[in-house]
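S.K.: Structure for the following, please:
(one chain, ligands or ions: 2)
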Amino acid sequence: MLELRHIHKHWDGAGETVALLGASGSGKSTLLKIAAGLESAEQGQVLFDGQDISAWPPERRGFALMFQDFALFPHLSVQDNVAFGLIEQGMGRTQAREQARAMLDRFGLAGHAQARVWTLSGGEQQRVALARALITRPRALLLDEPFSALDAELRQQLRDEFRQRIAAAGMCALLVTHDETEARAMAVHAWRLSGGVLQPLW
Ligand SMILES: Nc1ncnc2c1ncn2[C@@H]1O[C@H](COP(=O)(O)OP(=O)(O)O)[C@@H](O)[C@H]1O
Ligand SMILES: [Mg+2]
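M.R.: Ligands and ions are numbered 1, 2, ... in the order given. Got it, this is the predicted structure:
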């Protein structure tokens, strides 16, 4: 039985990434899903800016999520994948597409705007996923092993790029990873989840 007692998650400032480390099966993804509102906890609270959001549905929390499997929409173009969240927020299609184009330009992906996402490489797809997450200006970014499906060289490249882009966007992020090197490269603070206990690492 997995128990998560007295959960408190504290992020410091904008642009800061906090890492959650732990062995496979230690409960990292479960904790992230509880933070996102995708799973509920029997005990404890999730707070954001001091406000108890435990009972809030995921969409009201205003967090963006990224997983290792890209979870892009295969039937949409790259541009429409990135525009999707803006349209969902009520923005007109034309304006949303314009903003998506500008975002893709910054990400060096403008040339792929009209392509189907499945024609892109794994690294490009994760860039699209990050662009899609950042464009809606979420209150926080929750990343669950975002580079696990990629090879070592690309992982290393993307973690530096992601760190810079997340900081540039002034976003606070929670990075779930089993890879301490990755956590060191990306996070200002890290915690280890082990045996149901969260311990500060740095
Ligand atoms: N829906 C579920 N039902 C039963 N057990 C689950 C469920 N989800 C996760 N678990 C178990 O809870 C533990 C923690 O899982 P998880 O949060 O995915 O760990 P991690 O992300 O650190 O690998 C694992 O032992 C897993 O098998
Ligand atoms: Mg996991």
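S.K.: Residue 80 touches residue 101, doesn't it?
M.R.: No - look at residue 80 against residue 101 with C-beta atoms under 8 Å: they stay out of range, at 10.9 Å. (Each C-beta comes from the backbone N, C-alpha and C, glycine too.)
S.K.: Mind checking which of the two has more residues around it?
M.R.: residue 80 (19 against 15; other C-beta atoms under 10 Å).
S.K.: Tell me how far the more buried one lies from ligand 1.
M.R.: Going from residue 80 to ligand 1 by C-beta to the nearest ligand atom, to the nearest Å gives 31 Å.
S.K.: Please identify the helix or strand for that residue.
M.R.: Assigned by DSSP states H and E, residue 80 belongs to helix 78-88.
S.K.: Next SSE downstream of that helix?
M.R.: Next helix or strand after helix 78-88 toward the C-terminus (DSSP H and E): helix 93-106.
S.K.: Using PDB, write out every CA atom in that following helix.
M.R.: What follows is helix 93-106, C-alpha atoms only, in PDB (Å, rounded to 0.1, in the frame of the first residue of the first chain):
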ATOM      1  CA  ARG A  93      -8.000  30.300 -33.800                       C
ATOM      2  CA  THR A  94      -6.100  32.800 -36.000                       C
ATOM      3  CA  GLN A  95      -4.400  34.600 -33.000                       C
ATOM      4  CA  ALA A  96      -3.600  31.300 -31.400                       C
ATOM      5  CA  ARG A  97      -1.900  30.000 -34.500                       C
ATOM      6  CA  GLU A  98       0.100  33.200 -34.800                       C
ATOM      7  CA  GLN A  99       1.300  32.900 -31.300                       C
ATOM      8  CA  ALA A 100       2.100  29.200 -31.900                       C
ATOM      9  CA  ARG A 101       4.100  30.200 -35.000                       C
ATOM     10  CA  ALA A 102       6.100  32.700 -33.000                       C
ATOM     11  CA  MET A 103       6.800  30.200 -30.200                       C
ATOM     12  CA  LEU A 104       7.900  27.600 -32.800                       C
ATOM     13  CA  ASP A 105      10.200  30.200 -34.300                       C
ATOM     14  CA  ARG A 106      11.900  30.700 -30.900                       C
END
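S.K.: now it against helix 78-88, angle please.
M.R.: Helix 93-106 and helix 78-88 are oriented at 130 degrees to each other (axes from the mean of the first three to the mean of the last three C-alpha atoms, to 10 degrees).
S.K.: For helix 93-106, name the packing helices and strands.
M.R.: helix 78-88, helix 122-135 (3 or more C-beta pairs under 8 Å, 6 or more residues apart in numbering; DSSP states H and E).
S.K.: For the chain, which segments count as strands?
M.R.: 17-21, 47-48, 51-52, 63-67, 140-144, 173-176, 189-194, 197-200 (DSSP state E).
S.K.: can I get the helices and strands packed on helix 93-106 in CSV with mean pLDDT?
M.R.: Shown next, in CSV, are the helices and strands packed on helix 93-106 (pLDDT from 0 to 100):
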stretch, mean pLDDT
helix 78-88, 95
helix 122-135, 93
